[in-house]
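Colleague: for reference, the sequence and a predicted model appear below.
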Amino acid sequence: MENRSFKGWLYLLPAIAFLGLFMIYPLVDVFVYSFEEGYNSASQRYFGIGLYNYSYVLHDPYFMQAVKNTFILVIITVPVSTILALLISVGLSQIKPLKELYQTVFFLPYVTNTLAVGLVFMILFKKTAYSDGLVNLLINWFGGKSVDFIDGPYWAKMFVLCFYTVWIVMPFKILILTSALASVNQDYYNAARVDGTSKGRIFRKITLPMISPMIFYLVITGFIGAFKAYSDAVALFGTDLNSAGMNTIVGYVYDMLYGNSGGYPSYASAAAIILFAIVLTITVINLSVSRRNVTYK
Amino acid sequence: MKVVLEHLTKRFPNRNKGGADVIAVNDFDFEIPDGKLIGLLGPSGCGKSTTLNLISGLQKPSEGKIFFGDLDVTKLEPEHRGVGLVFQNYALYPHLTVEENIMFPLGNLRGKEKMTKQAMQEKALEAAKLVQIDQLMARKPSELSGGQQQRVAIARALVKTPRVLLLDEPLSNLDARLRLQTREELRRIQQETKVTTIFVTHDQEEAMSISDMIVVMSAGLVQQIGKPQDVYDDPKNLFVAKFLGTPPINVFKGFVTGGNLYIGEEAVLEVPGVPDQDVFVGIRPEGFILDPQGPLTLNLSGVEVMGRDITVISKHDFCENVQIRSIISAENTVDTGSSVVRFSLKPYKVHLFAADTEERIYFGSQKPLGNKLQA
């Protein structure tokens, strides 16, 4: 027995070594940095240990703006994208002609580069000296006034960011949900049909519970992904997110490390740990909610 | 509720463009009497499951009509037909308890028929008691054995008191022992509820043992309909003869000359009234009589003593079966040292079939179905 467990550890060693070196050590290190005040990575020195980094970050208006932005993004995009993806997947699973074509179309954004998509969104939404952008043309056509979505009011910018995020995360969700729907045994539907079950009841009582593990998976990863949003904002508003007022928490961490105002690994670490705490809390809440509502076979 | 099938036909378009349609069910004409248990029997791909789906309404026939009583249900959607359907894999909803599963069809009732939760629970309990699973109401399907799951499926199909109960291979997912027990159970439930029941099986023993009537199908065509024993004793063609019976019937190539049946060189039986022709000779395993002077000589390859009776295993050049199995009473003794064994034949256990059409040829006192066959 002793010998066998030794062998087991031996086989795990390469994986453990890599994980330890590239995941666990950096995580611990970030945690340590976040308490070292005024740490300088060049000189490897710091002044003292304490909670000052956290206090600084939490009193930084840029950080608070980033937290606000991130939360709005999460609260809007996770439910919207999941529900939309669910509707589209259900629709996809019910059509026969051109099904493959539609599936491909809906999956295209997933394989498209984020920045390229950002460029397209700029063309759609940006107001320049020559054009108000396609969306504004539409708004004008319906009798509305042009809005500057990229450099204009906060809600307009937030709208574009949410729109963009939903658009970019949906393909993966549709992919997962269509395959989840396809894997539900047709006999359940036939049984329900013979019993005269209405479409709505079939969806609520059979389809949803059957694919609930996948929905739950998408919600959890969706939350985590949305909390880590950064590149989407950059694609739309450029790298100086603080001045655009559209920074996210990860964006703030990046700025603290490498941005124009960068060079503060201690603050960056503290912000990263705060993000970690937020994501952890939300995930724990998700798990406890799901325990009641998700059925695994 | 009697069920009438009128010229029922189902065609599926060929997958290859321009190919001929696949006819799954071909001109099925049958009236199922009220309150009977009917077994649809045939090898896989013979159209029996399609027939069941047509009756349930999950598939629509290409031609023909279906009546429940006097009501034409051909164009009716499944939910309006009032059938209970038990699937081969039971299709129990895994996230619901046994009780919720049984109650599920009741929850679909709307308008005047809408039931209170309490009424539904009472109804579910009633159905559960009928199939003896009322102790398991709080469990999930995954916590039940195969046999219990099947009972839940039957209870769910029965809870709405269907006009017709349909079962698709109801016993195929059970182990051999449970199968024996469950088929008796199925019979009991059917007799208690008196609901017209149609079940599909590829297992002839299963169909024979519990059905009031069996329908033997092959390649979309109904081969024979009748009481199990009648069909066994009086097969209409070679397919039916081969399909029914364990061990299977022994089929020889033979010919008839001058009112005598020959297998190889040997005249094995007098078959008065049969014109000279080539035939297939089907002999049931119990149709052999051990007889040292018997006309049929077989090459002995072994003997299995089963206690009650003996199975003699032998070979013959003109036999289509790899082994010939003859079942004789254990009071006989077979000389296992000998290389041959000789039999005489019971005429009513010998069936002749035309070599070309494979249709039955009656001889002597044999008469078509309806009359009890005696030697």
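Modeller: Nice, thanks for sending it over.
Colleague: which helices and strands sit right next to the top helix by length along chain A?
Modeller: Counting by DSSP state H, the longest helix found in chain A is helix A:61-94. Helix A:61-94 makes packing contacts with helix A:99-111, helix A:154-182, helix A:208-227, helix A:249-258 when contacts are defined by 3 or more C-beta pairs under 8 Å, 6 or more residues apart in numbering or on different chains; DSSP states H and E. The C-beta positions use only the backbone N, C-alpha and C, and glycine is treated the same way.
Colleague: residue of chain A closest to chain B, please.
Modeller: When scored by C-beta to the nearest C-beta, chain A has A:G196 as its residue closest to chain B, at 3.1 Å.
Colleague: that residue and A:L208, how far apart?
Modeller: Between A:G196 and A:L208 the distance, using C-beta to C-beta, to the nearest Å, works out to 19 Å.
Colleague: same deal with A:S93?
Modeller: 13 Å.
Colleague: on that earlier part again, buried sites along the longest helix of chain A?
Modeller: A:62-63, A:65-67, A:69-70, A:73-74, A:76-78, A:80-82, A:85-86, A:88-89, A:92-93 (16 or more other C-beta atoms under 10 Å in any protein chain shown).
Colleague: same check on stretch B:120-140?
Modeller: Quick answer for stretch B:120-140 (16+ other C-beta under 10 Å): B:120-121, B:123-125, B:127-128, B:130-131, B:133-134, B:136-137, B:140.
Colleague: between those residues, which is nearest chain A?
Modeller: Once C-beta to the nearest C-beta is applied, the member of those that ends up nearest chain A is B:K140, at 9.0 Å.
Colleague: wait, doesn't that closest one sit right on B:T97?
Modeller: Yes: between B:K140 and B:T97 there is a contact under C-beta atoms under 8 Å: 5.9 Å.
Colleague: quick one, what contacts A:P109?
Modeller: A:117, A:167-168, A:170-171 (C-beta atoms under 8 Å, 6 or more residues apart in numbering or on different chains).
Colleague: dump those to a markdown table, plus pLDDT.
Modeller: Shown next, in a markdown table, are the contacts of A:P109 (pLDDT from 0 to 100):
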| residue | pLDDT |
| --- | --- |
| A:V117 | 81 |
| A:W167 | 88 |
| A:I168 | 87 |
| A:M170 | 90 |
| A:P171 | 90 |
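Colleague: would you turn the residues you listed into TSV with distance to B:I38?
Modeller: Listed next are the contacts of A:P109 as TSV, based on distance: C-beta to C-beta, whole Å:
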residue	distance to B:I38
A:V117	62
A:W167	57
A:I168	58
A:M170	51
A:P171	51
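Colleague: could you tell me the least trusted of the helices and strands packed on helix A:61-94?
Modeller: Among the helices and strands packed on helix A:61-94, helix A:99-111 carries the lowest mean pLDDT, a mean of 83.
Colleague: where does chain A dip in pLDDT?
Modeller: A:1-2, A:261-262, A:295-297 (pLDDT under 70).
Colleague: for chain B, what are the nearby residues on it?
Modeller: Residues of chain A lying near chain B by C-beta under 8 Å from any C-beta of the partner chain: A:185, A:187-188, A:190-198, A:201, A:205-206, A:209-210, A:212, A:295, A:297.
Colleague: hmm, which of these are the buried ones?
Modeller: Buried among the residues of chain A next to chain B (16+ other C-beta under 10 Å): A:187-188, A:190-197, A:205-206, A:209-210, A:212.
Colleague: check contacts around B:K140.
Modeller: Here B:K140 is in contact with B:94-98 (C-beta under 8 Å, 6+ apart).
Colleague: the closest residue to chain A within chain B: what's it in contact with?
Modeller: Relative to chain A, the nearest point of chain B is B:E79 (3.1 Å; C-beta to the nearest C-beta). By C-beta under 8 Å, 6+ apart, the contact set of B:E79 is A:193-197, B:108.
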